[in-house]
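3D, please:
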Amino acid sequence: MAEKVAFELVAPERVLVSEDVDMVVVPGEEGDFGVLPQHAPLVSLVRPGVLRVFMGDQVTRRIFVAGGFASVDERGVTVLVEEAEPVEELDLEAARQRLQELEEDLADAKTQEERQRLERLVAIARARVEAAERPDL
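Presented below is the predicted three-dimensional model:
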């Protein structure tokens, strides 16, 4: 039997996924990175985007993540996220509406702190729209 990668996706309230897979591609802050068996240890920020899970050469899951952290060791990868949703469950129109509302709020931001918070939310909303528009990537 071929060696697998232990993959866990954890949100604040619960473990969302815990399974052995062939590869996981994580949207890292510095760019996407793939995790295969016996990967070198790594800790990375996770940017908003789509996490892909592979069995063989097929993507079996596409999960939108809003950001977080990934920890990789020789056994596998644990991804801690603020929120996650299967790409096929994303509502494109709702995502576009939320992005528009956040961009309007950002334009009206009065303080630097408010601007920074809204810029982060806009980045997440943009990534959600992109994931919903292109669910097969």
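
show me where the chain has strands.
Applying DSSP state E to the chain gives strands spanning 5-11, 14-21, 23-28, 31-35, 42-46, 49-55, 58-65, 68-72, 76-81, 84-86.

Can you give me the buried ones in the last one?
By neighbour count, and taking 16 or more other Cβ atoms under 10 Å as the criterion, the buried residues in strand 84-86 are 84-85. Where C-beta positions appear, they are placed from N, C-alpha and C, glycine not excepted.

mean confidence for that strand?
Mean pLDDT, computed over strand 84-86, is 95.

What of the fifth one?
Across strand 42-46, pLDDT averages out at 96.

on that earlier part again, any idea which of the strands of the chain gets closest to Leu99?
Comparing those against Leu99 with Cβ to Cβ, the closest turns out to be strand 58-65 (13.5 Å).

Name the residues of the closest one that come out as buried.
61-65.

Would you reformat those residues as JSON lines and include pLDDT and distance to Glu8?
Output for the buried residues of strand 58-65, formatted as JSON lines (pLDDT from 0 to 100; distance: Cβ to Cβ, whole Å):
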{"residue": "Arg61", "pLDDT": "95", "distance to Glu8": "13"}
{"residue": "Arg62", "pLDDT": "96", "distance to Glu8": "17"}
{"residue": "Ile63", "pLDDT": "97", "distance to Glu8": "12"}
{"residue": "Phe64", "pLDDT": "97", "distance to Glu8": "17"}
{"residue": "Val65", "pLDDT": "97", "distance to Glu8": "13"}
